[in-house]
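[1] here are the coordinates; sequence isn't available:
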Ligand SMILES: [Cu+2]
């Protein structure tokens, strides 16, 4: 087999064991001849292909997933140990796999704006990167969807990665990875903001002039799950009194922020976005913006049969939950509304930033232009939608303060690729010690983060709500 044959094979619709065998042979053959094609077998193959998801016996939907499932497999990788992933795209759409929260080069980051290559339809691509830092990360499609709600993060292309550092995480009896999801999205003008209950803060960024034009269509859903099962349809989490659980929660929604609680129990937050918090605290409920993660400890000290799920009744009853069942208990699963309290990141941090205030300041204002693109809203950063050519240029090694002013009536989960930031202020309240990659900027509120420019290459900054990102709500950071 010559090199041209291998390249042709790589671009063809190949599926199943036969394809792997052919390419493995090719790889072995080519290892001595060229480094332009895959040589050795990859550590891992991620196959993008249609899947069916059985949310419940009577509710089976079709989407695109990873390795035959949605969510895709939980990947456990060692921090600092390079990994090679072959991404095989068996769909008709160019795809990108983004490694959210990882500090990796732009070429491997799976983001078109950063110049990462697409995985062509019915083709494959190999990426090599060094996973890190340790903690809960995740991976998902970063393809644009625009008005096609089958694409990108609306599909089942998401999964979690746990990056291990070899340290003992504590004496837990059980560990569970729980992705919060919505399915079968549709356009709607009826958006309820019940889950965006970050409203209670001071609205420091309420714009002087309000645009009262009617809003464009946003994306909504009435079908939900945790992982691939609707509430009540999957196996309960079986526990015994006295056990300690470690739950890793990821809001893998493309459309909504969520509040989550476990009836009868408090959740002790030990890390946010995979990074240990300075002051673990117990809360009655957890607020997770799209893209955010939290790891929580739960002590099983209240025997019964309980629901872990969305605090919104309709969302929970339409599937976003899982039953937690103590041994020997057989009653109907119980839900108890948690106390309503505004979400406050600061309780998990220290009162002050770990480093002095950077002198470099990037000041951003976010605004919505109602129905500026057909039926849809357009989102702007400093008065204009993407692209921003040369506004955000970083000097390597410098530290920056990024001020995010939200002049809109939605809470936005903002994410910066390939960097971690320290949350230093939320709507006037100072805080420190919280290292994150995504933060929810409350409506008419403000979030301030500090970060070090230590990842040369292009880095995308965007709202993690897919429609907002697709319709302008993003910016590219570049290095001088
Ligand atoms: Cu947004």
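    Good, I have the coordinates. Note that the structure is predicted; figures quoted are calculated from it, not measured. Numbers count the residues shown, from 1 in each chain.

[2] Where do the domain boundaries of this protein fall?
    The record's domain parsing of the chain by automatic domain parsing lists 42-164, 174-185+221-343, 360-479.

[3] The closest residue to the ion within the stretch 201-350 of the chain: neighbouring residues, count only.
    The stretch 201-350 of the chain approaches the ion most closely through residue 290 (8.1 Å), counting by CB to the ion. To be clear about C-beta, it is placed using only N, CA and C from the backbone, and glycine gets the same treatment. For residue 290, the count of nearby residues is 27 (other CB atoms under 10 Å).

[4] and it, that one's in a strand?
    No: using DSSP: H, G, I helix; E, B strand; the rest coil, the assignment for residue 290 is coil, not a strand.

[5] My read is that it contacts residue 465, right?
    Yes: between residue 290 and residue 465 there is a contact under CB atoms under 8 Å: 5.6 Å.

[6] For the residue in the stretch 1-150 of the chain positioned nearest to the ion, give me its contacts.
    Residue nearest to the ion within the stretch 1-150 of the chain: residue 145 (14.1 Å; CB to the ion). Neighbouring residues of residue 145 by CB atoms under 8 Å, 6 or more residues apart in numbering: 151-154, 254, 466-467, 470.

[7] same thing with residue 398?
    358, 360, 452-453.

[8] about what we covered before: what pLDDT does the residue of the stretch 1-150 of the chain closest to the ion get?
    Looking at residue 145, its pLDDT stands at 97.

[9] and what of residue 116?
    Residue 116 is assigned 96 on the pLDDT scale.

[10] Please report phi then psi for it.
    Residue 116 adopts backbone torsions of phi -70, psi 140, taken as degrees, to the nearest 10.

[11] and it, what does it touch?
    With contact taken as CB under 8 Å, 6+ apart, residue 116 is in contact with 96, 106-110.

[12] Restricted to buried residues, select these in PyMOL.
    In PyMOL syntax, the buried subset of these is picked out as below (16 or more other CB atoms under 10 Å):
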select buried, resi 96+106+108+109+110
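
[13] buried set for stretch 380-399?
    For stretch 380-399, by 16+ other CB under 10 Å, it's 380-381, 385-386, 388, 392, 394, 399.

[14] Quick check: mean pLDDT of it?
    pLDDT averaged over stretch 380-399 gives 94.

[15] touching the ion at all, that stretch?
    No: contact of stretch 380-399 with the ion (CB under 5 Å from the ion) is absent, the minimum separation being 11.1 Å.

[16] What is the end-to-end distance of that stretch?
    Using CA to CA, to the nearest Å, one end of stretch 380-399 lies 25 Å from the other.

[17] where's that stretch relative to the chain centroid, distance-wise?
    Relative to its parent chain, stretch 380-399 has a centroid offset of 22 Å by CA atoms, centre = their mean, to the nearest Å.

[18] can you put the domains of the chain in CSV and add distance to residue 349?
    Converted to CSV, the domains of the chain look like this (distance: least, CB to CB, whole Å):
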stretch, distance to residue 349
domain 42-164, 16
domain 174-185+221-343, 6
domain 360-479, 4
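
[19] Out of those domains, which is closest to residue 210?
    The stretch from the domains of the chain with the least distance to residue 210 (CB to CB) is domain 360-479; that distance is 9.0 Å.

[20] List the buried residues for the host helix or strand of residue 126?
    Using DSSP states H and E, residue 126 falls within strand 124-129. Using 16+ other CB under 10 Å as the test for burial, strand 124-129 gives 124-127, 129.

[21] In contact with the closest residue to residue 466 other than its chain neighbours: list those residues for me.
    Excluding the flanking residues, the one nearest residue 466 by CB to CB, 6 or more residues apart in numbering is residue 254, at 4.0 Å. Counting by CB under 8 Å, 6+ apart, residue 254 touches 145, 152-154, 182, 185, 219, 290, 465-467.

[22] Give the next helix or strand downstream of the one helix or strand residue 379 maps to.
    Taking DSSP H and E as the definition, one finds residue 379 inside strand 376-381. Counting by DSSP H and E, the next helix or strand C-terminal to strand 376-381 is strand 393-394.

[23] C-terminal to that next one, what's the next element?
    Moving toward the C-terminus from strand 393-394, the next helix or strand (DSSP H and E) is strand 399-406.

[24] Pull up the pairing partners for that following strand, direction included.
    Taking DSSP bridges as the criterion, strand 399-406 forms sheet pairs with strand 360-373 (parallel), strand 446-452 (antiparallel).

[25] Need the overlap of contacts for residue 290 and residue 465.
    254-256, 413.

[26] Okay, residue 438 and the ion: tell me how far apart.
    Here the criterion is CB to the ion, to the nearest Å. By it, residue 438 lies 11 Å from the ion.

[27] quick one, what contacts that residue?
    By CB under 8 Å, 6+ apart, the neighbours of residue 438 are 100, 273, 289, 291-292, 413-415, 464.

[28] can you do 7 Å?
    Counting by CB atoms under 7 Å, 6 or more residues apart in numbering, residue 438 touches 273, 289, 291-292, 413-415, 464.

[29] returning to what we had before: which one (most neighbours) among the shared contacts of residue 290 and residue 465?
    For those, neighbours were counted by other CB under 10 Å; the highest total belongs to residue 256, with 30 neighbours.

[30] Please tell me I have it right and it contacts residue 180.
    No: look at residue 256 against residue 180 with CB atoms under 7 Å: they stay out of range, at 8.9 Å.

[31] show me where pLDDT drops low in the stretch 201-350 of the chain?
    The stretch 201-350 of the chain contains no residues with pLDDT under 70.

[32] Which residue is the nearest non-sequential neighbour of residue 102?
    Leaving aside its chain neighbours, residue 102 sits nearest to residue 137 (5.5 Å; criterion: CB to CB, 6+ apart).

[33] Make sure that neighbour is indeed in a strand.
    Yes: using three-state DSSP, the assignment for residue 137 is a strand.

[34] Is it bridged to anything, and to what?
    Note on residue 137: beta-bridge partners residue 161, judged by DSSP bridges.

[35] For it, grab the count of nearby residues.
    Residues lying near residue 137 (other CB under 10 Å) number 24.

[36] Residue 174 now?
    Residues lying near residue 174 (other CB under 10 Å) number 15.

[37] Contact partners for it?
    Taking CB under 7 Å, 6+ apart as the test, what residue 174 contacts is 243, 245.
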